[in-house]
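*Asks:* Give me the fold of what follows.
(chains A and B, ligands or ions: 1)
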Amino acid sequence: MRTYELMFVVDPRVSDEDVVTMTQEYRNMIASGGSTITAEENWGRRKLAYTIDKLNEGKYVLFYVSSETGKTALPEVEHRMRQNDKILRYLTVRTDEDLKRAARRQPAAGTTPPPPGESTSPAAAEIGPDEEEV
Amino acid sequence: MGRARKVFFRRRKVCKFCADKIDYIDYKDVKLLQQFIPERSKILPRRISGTCANHQRPLQQAIKRARHLALIPFTTD
Ligand SMILES: [Zn+2]
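*Replies:* The predicted structure follows:
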């Protein structure tokens, strides 16, 4: 199973309702493309570390996506995001290999050997409640 | 000999990721990544941060990702 994260940053002038609409469209695309959204985070409005198009803030949304077959609609979603000038940034990251590698390294480090079947649990479990500064 | 007296540079002797057993360096962990980009746009060189070769690459990748998403700055000024 492959897992991915897709994070995107929306122009802060876009209303929350419209962010919901956009998000729903991407969600539908991902779901119809043979992959599943296992978790979602809405970080809301957040200060950008640098200005983008003279904007200081963005609205951050994050999808955790998994795919049994390795087939996803993520390229199509990215294409759609590229065409949308309300999307300031987006990034897809494949996470399963790095998570697996990290899980494998754990027993070597010494103490607790991980239960065998569980190294491929959803990426969301990795994240936990991330505190965000406003 | 009164030159080059004190250089206050906090030097880490061991790799933070090895020491803290962080095997997955998350691009979303802004607080963690910020420790490795103290000034300007530079990523701290390994000889100063102490990051081991195994962790430097994923660290750089995480920083690159976080920068792209404007989670951390390219330059600090
Ligand atoms: Zn290390």
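
*Asks:* residues from chain A in reach of chain B?
*Replies:* Residues of chain A found near chain B (CB under 8 Å from any CB of the partner chain) are A:7, A:9, A:48-50, A:52, A:58, A:60, A:62, A:88-89, A:91, A:93, A:98-99, A:101-103, A:105-106, A:109, A:126-127, A:130. C-beta: built from backbone N, CA, C; applies to glycine.

*Asks:* ok, of these, which come out buried?
*Replies:* Taking 16 or more other CB atoms under 10 Å in any protein chain shown as the criterion, what is buried in these is A:7, A:9, A:48-49, A:58, A:60, A:62, A:88-89, A:91, A:93, A:98-99, A:102-103, A:106, A:126-127.

*Asks:* Among the residues you listed, name the ones in strands.
*Replies:* A:7, A:9, A:48-49, A:58, A:60, A:62, A:88-89, A:91, A:93 (DSSP state E).

*Asks:* Tell me the one among those residues nearest to the ion.
*Replies:* Nearest to the ion out of those is residue A:93 (CB to the ion; 20.8 Å).

*Asks:* Tell me the bridge partners for the closest one.
*Replies:* residue A:5 (DSSP bridges).

*Asks:* Would you mind confirming that it is in contact with residue A:5?
*Replies:* Yes. Assessed by CB atoms under 8 Å, residue A:93 is found in contact with residue A:5 at 4.9 Å.

*Asks:* And the residue of chain A that's closest to chain B?
*Replies:* Closest to chain B within chain A is residue A:102: 3.5 Å, counting by CB to the nearest CB.

*Asks:* Now for the ones in strands among the buried ones among the residues of chain A next to chain B: which two are most distant?
*Replies:* Farthest pair in these (CB to CB) is A:48 and A:93. Separation: 19.0 Å.

*Asks:* Least confident secondary structure element in the chain?
*Replies:* In the absence of a named chain, chain A is used. Lowest by mean pLDDT, DSSP states H and E among the helices and strands of chain A is helix A:123-127, with a mean of 37.

*Asks:* my question was about chain B
*Replies:* Result, chain B / mean pLDDT, DSSP H and E: helix B:46-49, a mean of 84.

*Asks:* Report the buried residues of that helix.
*Replies:* For helix B:46-49, the neighbour count (16+ other CB under 10 Å) marks residue B:49 as buried.

*Asks:* partners of the strand or helix carrying residue A:45 in the sheet?
*Replies:* Under the criterion of DSSP states H and E, residue A:45 resides in strand A:36-52. Paired strands of strand A:36-52, with direction, are strand A:55-67 (antiparallel) (DSSP bridges).

*Asks:* Before I go, just wanted to say thanks for your time.
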